[in-house]
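Engineer: Okay, here's the prediction I keep looking at, along with the sequence it came from:
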Amino acid sequence: MPRDHIIAAADRLDTVTSGTQSETEYRLISDAHAITHLVCCRDVPWQTTFCGISGPDSINPAAEVLCTMCLEEIEAMSPGCVSAPEKTCPVDNRRCPDEHEVALRMARETGPTS
């Protein structure tokens with residue numbers, strides 16, 4: 001059974017809350033060819049993707065193959081968001097954080113919890 005991989009969308013489209021970590025620990029993977037779902041990185045925890053899949057178990061920042069349903073849902077929530085040069089969160093229309101903030105959140109989510 002294929003695993004569900006996620007990426008915080010600001011790396012592609014997302015948003016993050018500094019210092020936030022969920023109780024779930026995710027595996028960090030690097031698989032450019034895995035179909036990867038998108039989540040809003042302000043969500044704590046990253047449990048539901050834009051297309052509605054629950055319980056992803058890994059974060060894939062190397063993703064090149066993004067879930068079409070996630071992209072369609074993001075576009076429906078905020079038309080033009082996917083192709084806009086400045087990334088804005090489709091959930092709350094705030095500006096997405098820079099890649100450094102997203103990388104910090106990914107490190108917290110995949111690192112030791114103690």
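Structural biologist: Nice, thanks for sending it over.
Engineer: hey, what's T36 bridged with?
Structural biologist: Counting by DSSP bridges, T36 forms beta bridges with H5, L66.
Engineer: doesn't V65 make contact with it?
Structural biologist: Yes. At 6.4 Å, T36 and V65 qualify as touching, with contact defined as Cβ atoms under 8 Å. To be clear about C-beta, it is placed using only N, CA and C from the backbone, and glycine gets the same treatment.
Engineer: neighbour-wise, which of these two wins?
Structural biologist: T36 (26 against 13; other Cβ atoms under 10 Å).
Engineer: Look up how far N93 lies from that one.
Structural biologist: 24 Å (Cβ to Cβ, to the nearest Å).
Engineer: Now E72: closest residue in space, sequence neighbours ignored.
Structural biologist: Closest residue to E72 apart from its sequence neighbours, by Cβ to Cβ, 6 or more residues apart in numbering: C51 at 7.9 Å.
Engineer: can you give me the strands for the protein?
Structural biologist: Along the chain, counting by DSSP state E, strands occupy 5-8, 27-28, 35-39, 58-59, 65-66.
Engineer: for those strands, which one sits closest to T110?
Structural biologist: If you check each of these against T110 by Cβ to Cβ, strand 27-28 wins as the nearest, at 4.0 Å.
Engineer: Give the partner strands of that closest one in its sheet and their orientations.
Structural biologist: Applying DSSP bridges, one finds strand 27-28 paired with strand 58-59 (parallel).
Engineer: where does the protein dip in pLDDT?
Structural biologist: 1-24, 113-114 (pLDDT under 70).
Engineer: in it, which spans are helices?
Structural biologist: 9-12, 68-77, 99-110 (DSSP state H).
Engineer: Take those helices and write them to a markdown table, including distance to N60 and mean neighbour count.
Structural biologist: Below are the helices of the chain laid out as a markdown table (distance: least, Cβ to Cβ, whole Å; neighbours: other Cβ atoms under 10 Å):
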| stretch | distance to N60 | mean neighbour count |
| --- | --- | --- |
| helix 9-12 | 10 | 24 |
| helix 68-77 | 13 | 16 |
| helix 99-110 | 10 | 17 |
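Engineer: Serialize those helices to JSON lines and add fields for distance to E25.
Structural biologist: Formatted as JSON lines, the helices of the chain follow (distance: least, Cβ to Cβ, whole Å):
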{"stretch": "helix 9-12", "distance to E25": "19"}
{"stretch": "helix 68-77", "distance to E25": "22"}
{"stretch": "helix 99-110", "distance to E25": "7"}
